[in-house]
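> Sequence first, then the predicted structure, then my questions.
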Amino acid sequence: MKLVVTITLLICSSVGLGNQRQIIHAGHLIDGVSNQARERVSIHIEGSRITKVQSGYQSPASGEQLIDLRDSYILPGLMDMHTHVSFEFGPKTYLEKYTLNPADYTIMALKNSEKTLMAGFTTIRDLGDTGNITVAVREAINKGLYPGPRIFTATKSIATTGGHADPSNGNRLTDMHDLGAARGVINSATEARKAVRQRYKEGADLIKITATGGVLSVAKSGQNPQFQKDELDAIVKTAQDYGFTVAVHAHGKEGMKRAILAGVDSIEHGTYMDQEIMKLMKQKGTYYVPTILAGHWVAEKSKISGFFPDLVRPKAAQIGPLILTTFSKAYHFGVKIAYGTDSGVSSHGDNWQEFGLMVKGGMSPMEAIQSATIHAAKLLKQEDSLGSIESKKIADIVATKDNPLKDINAMGQIHFVMKEGRIYKNNNRSLQVSH
């Protein structure tokens, strides 16, 4: 005799299912690699891994817990390749570095990480913090102390003196310190190597550099090149020695060109890339992480008097609106694209809005979803374990009621989130256990 017991979940936070056997009845499966959705699929999970994906609704085996998502569209856990969970931009941001302590930013990072996970993003790259906050947050999440996505962190971005990630930009002279390589500000190939090794020492997962000026830094140029060839070569070669990928903030063409030729893995933003840069990226296999949402956000905020400092406002107004057009050109040229939002500029939890902007720029909904699943996993070099719903992959699974292939805004309505076989969100709130 088979007894079916219904269990009602009383909380939407982590449910202790990570060591159990589960079966999901998926009404529609977008698996991250196929170009068509599958109908009526069973996904078997044991512990943190997917063991089988079968056609049809298979009967649960003895002891296998049934998760009924027959009314939903099932996708791999989403992946955002450009975030900053330790802050969220606002009109007080430029003052907060003088009024807040690392503990304050850590609390914000934990809150923002949970918001990101509940939006369906089970993996993120964090591309720049201070005080090693995201290393501590990554470890707390990995230990199960707090809910949040899997974090691959660059810790402190590497800059040159006065560059986009030099935190003393805009300070008075007495506070405009020469921070040095240990704090991520370099001025030679030797210091570049030291900065990479320091990131390794501090527990980073990858390297982030700011190869050109930026929008939100209190410095005049938003696009000038800020590293010399020998410095870039030293960063990339040293990063490779330590198993790091290299992500590159860049708006201006020359800074992008130097970085791509040095062998970096991704260009972030890429505002002023042209066909020469796109051709180089295709030749080198360099990924493009567009962050259209950030461009849209800063452009809108530039219209608000006093929101940005005087040095920042014209850059935001000029550069922000261009990223969507650049994305569209790069997509049609065939550049490899991975999903990234720069959340922390825009609000955490709104990461899904990038999908709509990508579709507006010419991508199909399926391609946009794949940019946030299998292509993001390839950029991370984690495609053997993440990025798709397949046998032996980690059980990161999300679901939405409506069809995102017909209306991409369905990506903003994630009602089920599983990470490593553990349920963190289930608005259906009912499971069945077969005995």
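All right, it came through fine.
> so which helix or strand takes in the closest residue to residue 197 other than its chain neighbours?
Nearest non-adjacent residue to residue 197, counting by CB to CB, 6 or more residues apart in numbering: residue 238, 6.7 Å away. All C-beta spots, glycine's among them, are computed from the backbone N, C-alpha and C. According to DSSP states H and E, residue 238 maps onto helix 229-241.
> how about the nearest residue to residue 271, chain neighbours excluded?
For residue 271, the spatially nearest residue (CB to CB, 6+ apart) is residue 251, at 4.3 Å.
> what about residue 355, neighbour count?
25 (other CB atoms under 10 Å).
> cool, the one 3 residues further on as well?
When neighbours are defined as other CB under 10 Å, residue 358 has 27 of them.
> can I assume it is in contact with residue 324?
No: assessed by CB atoms under 8 Å, residue 358 is found out of contact with residue 324, at 9.1 Å.
> Tell me which residues touch residue 116, please.
Taking CB atoms under 8 Å, 6 or more residues apart in numbering, we find residue 116 in contact with 80, 83, 85, 124, 148-149, 343, 348-349, 351.
> Among those residues, which lie within strands?
Among those, the members found in strands (DSSP state E) are 80, 83, 124.
> Let me know the pLDDT of the second one.
pLDDT recorded at residue 83 is 98.
> And it, how close does it get to residue 75?
Separation of residue 83 from residue 75 (CB to CB, to the nearest Å): 19 Å.
> Please apply the same query to residue 138.
Counting by CB to CB, the gap from residue 138 to residue 75 is 24 Å.
> Ok, residue 107 next?
From residue 107 to residue 75 the distance is 30 Å (CB to CB).
> which residue packs closest to residue 275, ignoring adjacent ones?
Using CB to CB, 6+ apart, the closest residue to residue 275 is residue 333 (6.8 Å).
> longest strand of this protein?
As assigned by DSSP E, the longest strand anywhere in the chain is strand 65-76.
> Neighbouring strands - and their directions - for it?
strand 21-29 (parallel), strand 397-400 (antiparallel), strand 430-434 (antiparallel) (DSSP bridges).
> Quick check: buried residues in that strand?
Within strand 65-76, the residues scored as buried using 16 or more other CB atoms under 10 Å are 65-69, 72-76.
> and if you look at stretch 381-401?
For stretch 381-401, the neighbour count (16+ other CB under 10 Å) marks 382-383, 386-390, 393-401 as buried.
> for stretch 181-191, same thing?
181-187, 189, 191.
> Narrow these to those in helices?
In helices, judged by DSSP state H, the following of the buried residues of stretch 181-191 are found: 189, 191.
> Can I get the buried residues of stretch 181-191 in JSON lines including distance to residue 288?
Output for the buried residues of stretch 181-191, formatted as JSON lines (distance: CB to CB, whole Å):
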{"residue": "181", "distance to residue 288": "28"}
{"residue": "182", "distance to residue 288": "31"}
{"residue": "183", "distance to residue 288": "29"}
{"residue": "184", "distance to residue 288": "24"}
{"residue": "185", "distance to residue 288": "26"}
{"residue": "186", "distance to residue 288": "25"}
{"residue": "187", "distance to residue 288": "28"}
{"residue": "189", "distance to residue 288": "27"}
{"residue": "191", "distance to residue 288": "28"}
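> Between the buried residues of stretch 181-191, which sits nearest residue 101?
residue 183 (17.1 Å; CB to CB).
> hang on, the closest one packs against residue 158?
No: the pair formed by residue 183 and residue 158 falls short of the contact definition of CB under 8 Å, at 9.9 Å.
> Just the endpoints, please. Distance across stretch 356-370?
Using CA to CA, to the nearest Å, one end of stretch 356-370 lies 14 Å from the other.
> pLDDT averaged over that stretch - what is it?
Rounded mean pLDDT across stretch 356-370 is 98.
> mind listing what's buried in it?
Going by 16+ other CB under 10 Å, stretch 356-370 has these buried residues: 356-359, 361, 363, 365-366, 368-370.
> list the contacts for residue 40?
26-27, 55-57, 70.
> Point out where the stretch 301-435 of the chain drops to low pLDDT.
Under the criterion pLDDT under 70, the flagged ranges of the stretch 301-435 of the chain are 429-435.
> Can you give me the domain assignment for the chain?
According to automatic domain parsing, the chain comprises the domains 4-76+389-434, 78-380.
> picking up where we left off before, quickly compare the strands paired with strand 65-76 and say which is most buried.
Highest mean neighbour count among these (mean count of other CB atoms under 10 Å): strand 397-400, with a mean of 26.
> Just the C-alphas of it, formatted as PDB.
Extracted in PDB, the C-alpha atoms of strand 397-400 (Å, rounded to 0.1, in the frame of the first residue of the first chain):
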ATOM      1  CA  ILE A 397      16.000  25.100 -10.000                       C
ATOM      2  CA  VAL A 398      13.500  27.900 -10.200                       C
ATOM      3  CA  ALA A 399      10.000  28.200 -11.500                       C
ATOM      4  CA  THR A 400       7.500  30.800 -12.700                       C
END
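> Past that strand, which element shows up next along the chain?
strand 414-419.
> Note down every partner strand of that following strand and its orientation.
strand 397-400 (antiparallel), strand 422-426 (antiparallel).
> How about residue 122: what's its closest non-neighbour residue?
Distances taken as CB to CB, 6+ apart place residue 77 nearest to residue 122, at 3.0 Å, with adjacent residues excluded.
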